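# Build the 3D model from these lines:
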Amino acid sequence: MALDSVTAPYVLLLLPGPPSPAVRQLSDVYGPALSHLFSGLATQLKGSSRIAKVDVALDIPQLLSARFQPRAKAFASLQHLLANFYTLVVAASVSSNVDLDGPGGLDVRVFFVDDDDSSQDQKHRLQGPVISLKTLATSQRAWDRAYGLDTRDGEQLASKFSGYGASISYDKLPGGAIGSTPSETTLSSDEGRITRHHAVIVGGTFDHLHLGHKLLLTATALALDPPGEEKREGGRRSLWVGITGDEMLVNKKFAEYLESWEERWQNTASFLRAIVDFNPPVAQTFDIQRTEQPGPNGKRVSTQVAPDLDIHLVQIADPYGPTITEENLSALVVSAETRSGGQAVNTERDKKGWASLEVFEVDVLQTGEADEVANASSSNFESKISSTDIRQRRMKSAKGNL
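Numbering: from 1, shown residues only. Next up, the predicted model:
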């Protein structure tokens, strides 16, 4: 039987929280496990064009507690930890000689779980990227296997996971000692962030979705508050993604290997569902509504993730997108490289007499950090998180040069 006729692996990696968000400490704790897992999956995928899915659940006790409500209080710490973890993922993929997010590679999706029963609340359970451990255990995702660390903390977390009724084969991976309580050393609460956000937006090209995109999209979902006691107009929450239209990309390098807008919104929506929707399959909804109206931001695809949560994917033709056509937006997520865009958006909203958006900044994945913990040269690292490099590899592959 040809390998491509076999379903690609789908695994869960359940990790106890780290004592520090620094890449070096993350590598000490998780590096051996990631390398072992990635190498094993690469062997299974060899000669295949299929992509293995890897759900990484990172445990942060008390993350669902009142201390980190609204969600904005934990945003800076969580996005920093996420950026450094994804940096480690790149380093591990380079050292294991496995591709990411491409044929024969790995689709790694990271989210957070809280294993502390005392801080869990029914309203916070089903929608990620922060969920309870029980939600994960009862999500009925179709994993082939679950993996954890062969450490005391790893075994305790796996025991709790199994105690919630998860019935799945479980393997241990080598890991370093955690050594301290993650919530005490990894997260800080930003008391200056006091606003709850129920309509959050991010923008980008999102061509050949890679870890840099995943970091940005996950951070956007992190800025969106879960359902609460307070009621907002219309009673619904929304996550908006502005995706650059095809006509704005004709001058990109290797433009002929750009994904179409249709492909890009589908890949973006698929990833967001993977980190947001933890409902059991029978409770999931996949209704998709397309809208195409004249004027800016008139072309969009909307999908309902929960009774009160919609994802809107909008084709944009300028730097502002829906930020200047949707007044009810309250927060904008930008990368450190595009922080000036947030200022420009709020200038335009001010001209309309609209409230400014609260701007959340996301770190950039660091080449130098990866080089410290693995044999990951700058060129190897950048090739994993550069849409241009990915398109170039597709071109070479199509021409038979790879």
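# just the helices in the stretch 101-250 of the chain please.
Along the stretch 101-250 of the chain, the stretches classed as helices by DSSP state H, counting those that start in this stretch are 133-137, 152-163, 182-185, 211-223.
# highest average neighbour count across those?
Across these, the average number of neighbours (mean count of other Cβ atoms under 10 Å) peaks for helix 211-223, which reaches a mean of 24. Every residue, glycine included, has its C-beta placed from N, CA and C.
# Keeping just the C-alphas, turn that helix into PDB.
Taking C-alpha atoms only, helix 211-223 is exported to PDB below (Å, rounded to 0.1, in the frame of the first residue of the first chain):
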ATOM      1  CA  LEU A 211       4.800  29.300  12.300                       C
ATOM      2  CA  GLY A 212       5.100  33.100  12.100                       C
ATOM      3  CA  HIS A 213       1.500  33.200  10.900                       C
ATOM      4  CA  LYS A 214       0.400  30.700  13.500                       C
ATOM      5  CA  LEU A 215       1.900  32.800  16.200                       C
ATOM      6  CA  LEU A 216       0.100  35.900  15.000                       C
ATOM      7  CA  LEU A 217      -3.300  34.100  14.600                       C
ATOM      8  CA  THR A 218      -3.000  32.400  18.000                       C
ATOM      9  CA  ALA A 219      -2.100  35.700  19.700                       C
ATOM     10  CA  THR A 220      -5.200  37.200  18.100                       C
ATOM     11  CA  ALA A 221      -7.400  34.500  19.500                       C
ATOM     12  CA  LEU A 222      -5.700  35.100  22.900                       C
ATOM     13  CA  ALA A 223      -6.800  38.700  22.900                       C
END
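# Who are the packing partners of it?
Packing partners of helix 211-223 (3 or more Cβ pairs under 8 Å, 6 or more residues apart in numbering; DSSP states H and E): helix 72-95, strand 106-114, strand 199-204, strand 237-244, helix 261-276, strand 331-335, strand 358-362.
# Mind checking what secondary structure R290 has?
What DSSP: H, G, I helix; E, B strand; the rest coil gives for R290 is strand.
# dump the residue contacts of it.
Contact analysis of R290 by Cβ atoms under 8 Å, 6 or more residues apart in numbering lists R300, V301, S302.
# you'd agree the first one is up against T291?
Yes - R300 sits in contact with T291 when judged by Cβ atoms under 8 Å, with a separation of 5.0 Å.
# ok, the two, which is more surrounded?
Per other Cβ atoms under 10 Å, whichever of R300 and T291 has more neighbours is R300, with 21 against 12.
# With only the CA atoms kept, save the host helix or strand of the more buried one in CSV.
Using DSSP states H and E, R300 falls within strand 299-306. Provided in CSV are the C-alpha atoms of strand 299-306 (Å, rounded to 0.1, in the frame of the first residue of the first chain):
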residue,chain,number,x,y,z
LYS,A,299,-15.7,40.2,0.1
ARG,A,300,-15.7,38.0,3.1
VAL,A,301,-16.2,34.5,4.4
SER,A,302,-17.8,33.9,7.8
THR,A,303,-18.1,30.8,9.9
GLN,A,304,-19.7,30.2,13.2
VAL,A,305,-17.5,28.4,15.7
ALA,A,306,-19.9,28.6,18.7
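# And that strand, what does it pack against?
On a contact count with 3+ Cβ pairs under 8 Å, 6+ apart, strand 299-306 meets helix 261-276, strand 288-292, strand 309-316.
# tell me the angle the shortest one makes with strand 299-306.
Read that as strand 288-292. Strand 288-292 and strand 299-306 are oriented at 160 degrees to each other (axes from the mean of the first three to the mean of the last three Cα atoms, to 10 degrees).
# count of neighbours near Y257?
By other Cβ under 10 Å, the residues close to Y257 number 20.
# got a pLDDT number for it?
Looking at Y257, its pLDDT is 77.
# And it, its phi and psi?
Dihedral angles of Y257 (phi, psi; degrees, to the nearest 10) stand at phi -110, psi 10.
# Lowest mean pLDDT among the helices and strands of the chain, which one is it?
The least trusted helix or strand in the chain, going by mean pLDDT, DSSP states H and E, turns out to be helix 182-185, with a mean of 53.
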